[in-house]
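Return a 3D structure for these sequence lines:
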Amino acid sequence: VKEVKQCIIILRSNGYFSFIFIAFSERKPCFLRMFSLYLHIYYEILRYSMIDINKIPSPCYVMEEKLLRNNLSLIKSVKERAGVNIILAFKAFALWKAFPIVREYIPFSTASSKFEAQLAFEEMGSPAHTYSPAYTEADFPLILRYSSHVTFNSLSQFHRFYPMVRADGNRVSCGLRINPEYSDVETDLYNPCAPGSRMGVTGDLLGDKLPEGIEGLHFHTLCESTSYDLERTLAEVERRFGRFLPHVKWLNMGGGHLMTRKGYDVEHLIALLKGFKERYPNLELIMEPGSAFAWQTGFLLTTVVDIVENHGIKTAIIDASFTCHMPDCLEMPYKPAIRFATDAVEGKPTYRIGGNSCLSGDYMGDWSFDKPLEIGDKLIFEDMIHYTIVKTNMFNGIPHPSLALWSKDDQLVMYRTFGYEDYKNRMD
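Reported below is the predicted structural model:
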């Protein structure tokens with residue numbers, strides 16, 4: 001590299017590339033940045049070319065093993081370097097046929113219900129760290145069976161179910177969810193600290209001592225957040241609940257730590273966690289991200305099945321549905337990325353994309369394309385593995401997309417296809 005002044009990369013149609021190097025000059029570092037950028041572009045082109053779209057049924061969620069392993073490697077590195085426990089949140093990603101891959105890096109998980117807890121026990125091979133806004137007498141025996149940690153949302157829930165914990169031999173470690181009344185999350189739907197929130201116990205409801213049997217505290221205030229958001233939250237946790245921290249065994253920092261997103265300051269996160277552990281050496285620190293595990297690890301492949309026009313607005317209808325298969329797009333809302341499409345550009349072929357349910361609002365847009373869409377064209381919605389498959393439904397009897405893995409050996413591995421019986425048996 002020291003002999004390089006600037007670099008011109010020539011991308012050829014056959015996928016290969018060549019370099020032209022000129023003598024090195026420190027006064028022109030922009031050429032090296034361009035070099036890095038072009039390498040990234042080449043990698044993306046190469047990755048796309050290795051996935052044979054024609055082999056994939058439509059519609060289908062496709063997770064890419066190489067990208068999943070990249071995320072898992074980073075998460076494991078943070079876990080080991082910071083000396084904390086990082087566990088997978090099923091609420092975002094519960095594609096259990098991929099758990100053998102996950103277990104190579106991260107062995108534990110967190111659950112929010114008896115079914116998630118059982119899935120952790122059976123498919124992750126370890127008991128769950130379980131939290132739910134409310135347990136019931138019917139469900140709690142199963143929660144106990146499949147959990148190592150149980151967090152209660154309220155003091156009343158703890159007092160109601162702790163006798164069952166004692167009768168079980170105090171086998172699980174009990175915690176209390178706290179509400180620091182602070183969150184950087186701007187979307188109310190995802191803000192657990194909004195005024196009047198049902199999530200967690202506020203500091204004014206606790207005295208100077210926690211109830212006997214509470215061994216840990218749990219907060220969850222983040223959503224696709226940064227390490228700096230966590231830093232501000234920890235300051236509030238210490239301010240409002242610091243009197244308890246020297247006397248408990250663990251502190252669960254919940255989810256929302258999007259450490260695998262490009263630009264996330266991993267080094268700051270590690271330093272922050274290490275500093276907190278130095279102040280409270282008695283604590284096991286637990287983090288339970290969900291989206292970070294599956295962030296940008298796959299896509300939803302769909303097909304254009306019709307194109308309609310109303311007063312100059314063209315809508316391409318696909319064989320999938322936003323409300324059924326990409327519900328967060330409508331709930332948050334946010335506009336997903338479509339491969340090889342852009343935001344609306346005047347003069348270019350531009351379309352809304354419509355889902356195939358009868359819900360009038362089952363559409364989003366607009367996107368522009370380099371050429372007009374045609375019936376049969378494939379549309380690839382990016383980053384559709386987290387908070388999608390776990391939230392899908394069969395409204396209208398719309399067929400559920402298939403589930404697949406594009407393996408590290410560039411093979412399509414079909415996990416599951418769905419049919420009429422799946423729809424019918426939900427109401428059997």
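
Can you list the buried residues in stretch 105-119?
Judged by neighbour count using 16 or more other C-beta atoms under 10 Å, the buried positions of stretch 105-119 are 105, 106, 108, 109, 110, 111, 113, 114, 116, 117, 118, 119. Placement of C-beta: from N, CA and C, glycine included.

List just the nearest of the residues you listed to residue 214.
residue 110 (18.2 Å; C-beta to C-beta).

Surely that closest one and residue 90 touch.
Yes. Between residue 110 and residue 90 there is a contact under C-beta atoms under 8 Å: 6.8 Å.

Name the residues contacting each of the two.
Counting by C-beta atoms under 8 Å, 6 or more residues apart in numbering, the shared contacts of residue 110 and residue 90 are residue 120.

Under the pLDDT cut-off, which ranges of this protein? List them.
Within the chain, the stretches with pLDDT under 70 are 1-49.

Name the nearest residue to the residue minimising distance to the centre of the chain, sequence neighbours excluded.
Taking C-alpha atoms, centre = their mean as the criterion, residue 291 is the residue nearest the geometric centre of the chain, at 1.3 Å. Distances taken as C-beta to C-beta, 6 or more residues apart in numbering place residue 386 nearest to residue 291, at 4.5 Å, with adjacent residues excluded.

Kindly report the same for residue 306.
Nearest in space to residue 306, with sequence neighbours left out and distances taken as C-beta to C-beta, 6+ apart, is residue 317 at 4.5 Å.

Tell me the bridge partners for that neighbour.
Taking DSSP bridges, one obtains residue 306, residue 354 as the residues bridged to residue 317.

Quick check: it vs residue 424, distance?
As judged by C-beta to C-beta, to the nearest Å, residue 317 and residue 424 stand 25 Å apart.

likewise residue 223?
For residue 223, the distance to residue 424 - C-beta to C-beta - is 36 Å.

more neighbours, these two?
residue 223 (21 against 11; other C-beta atoms under 10 Å).

Quick one: residues contacting that one.
185, 187, 190, 191, 256.

ok, 7 Å please
185, 190, 256 (C-beta atoms under 7 Å, 6 or more residues apart in numbering).

repeat for residue 248
Residues in contact with residue 248 (C-beta under 7 Å, 6+ apart) are 215, 216, 217.

Tabulate these in a markdown table, adding columns for distance to residue 96 and secondary structure.
Shown next, in a markdown table, are those (distance: C-beta to C-beta, whole Å; DSSP: H, G, I helix; E, B strand; the rest coil):
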| residue | distance to residue 96 | secondary structure |
| --- | --- | --- |
| 215 | 29 | strand |
| 216 | 26 | strand |
| 217 | 29 | strand |
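
just these now: which is nearest residue 73?
Checking these against residue 73 with C-beta to C-beta, the nearest one is residue 216 at 28.1 Å.

Which strand residues bridge that closest one?
With DSSP bridges as the rule, residue 216 is bridged to residue 175, residue 250.

show me the contacts for the residue lying closest to residue 127 once chain neighbours are set aside.
Of all residues not flanking residue 127 in the chain, residue 148 sits nearest, at 4.0 Å (C-beta to C-beta, 6+ apart). Residue 148 is in contact with 127, 129, 172, 173, counting by C-beta under 7 Å, 6+ apart.

my read: the last one touches residue 215, true?
Yes. Taking C-beta atoms under 7 Å as the definition, residue 173 is a contact partner of residue 215 at 4.8 Å.

list residues touching both of these two?
Counting by C-beta under 7 Å, 6+ apart, the contacts common to residue 173 and residue 215 are residue 249.

Between those two, which is the more surrounded one?
residue 173 (20 against 16).

what about that one, distance to residue 289?
Noted for residue 173: a distance of 21 Å to residue 289, by C-beta to C-beta.

first to last residue in stretch 179-194, what's the distance?
The straight-line separation of the ends of stretch 179-194 (C-alpha to C-alpha, to the nearest Å) is 10 Å.

In the stretch 251-400 of the chain, what residue spans correspond to strands?
284-287, 298-310, 313-318, 342-343, 350-354, 363-368, 378-382 (DSSP state E, counting those that start in this stretch).

JSON lines please, covering these and showing distance to residue 71.
What follows is the strands of the stretch 251-400 of the chain, written out as JSON lines (distance: least, C-beta to C-beta, whole Å):
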{"stretch": "strand 284-287", "distance to residue 71": "14"}
{"stretch": "strand 298-310", "distance to residue 71": "11"}
{"stretch": "strand 313-318", "distance to residue 71": "27"}
{"stretch": "strand 342-343", "distance to residue 71": "26"}
{"stretch": "strand 350-354", "distance to residue 71": "27"}
{"stretch": "strand 363-368", "distance to residue 71": "26"}
{"stretch": "strand 378-382", "distance to residue 71": "15"}
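
possible to save those strands as JSON lines with distance to residue 239 and mean neighbour count?
What follows is the strands of the stretch 251-400 of the chain, written out as JSON lines (distance: least, C-beta to C-beta, whole Å; neighbours: other C-beta atoms under 10 Å):
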{"stretch": "strand 284-287", "distance to residue 239": "18", "mean neighbour count": "20"}
{"stretch": "strand 298-310", "distance to residue 239": "40", "mean neighbour count": "18"}
{"stretch": "strand 313-318", "distance to residue 239": "49", "mean neighbour count": "20"}
{"stretch": "strand 342-343", "distance to residue 239": "42", "mean neighbour count": "12"}
{"stretch": "strand 350-354", "distance to residue 239": "46", "mean neighbour count": "22"}
{"stretch": "strand 363-368", "distance to residue 239": "41", "mean neighbour count": "19"}
{"stretch": "strand 378-382", "distance to residue 239": "40", "mean neighbour count": "19"}
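
does the closest residue to residue 85 other than its chain neighbours have beta-bridge partners, and which?
Distances taken as C-beta to C-beta, 6+ apart place residue 286 nearest to residue 85, at 4.8 Å, with adjacent residues excluded. Under DSSP bridges, the beta-bridge partners of residue 286 are residue 85, residue 252.

out of the strands of the stretch 251-400 of the chain, which comes closest to residue 393?
Closest of those to residue 393 is strand 298-310, at 14.8 Å (criterion: C-beta to C-beta).

packing partners for that closest one?
strand 60-64, strand 313-318, strand 378-382 (3 or more C-beta pairs under 7 Å, 6 or more residues apart in numbering; DSSP states H and E).
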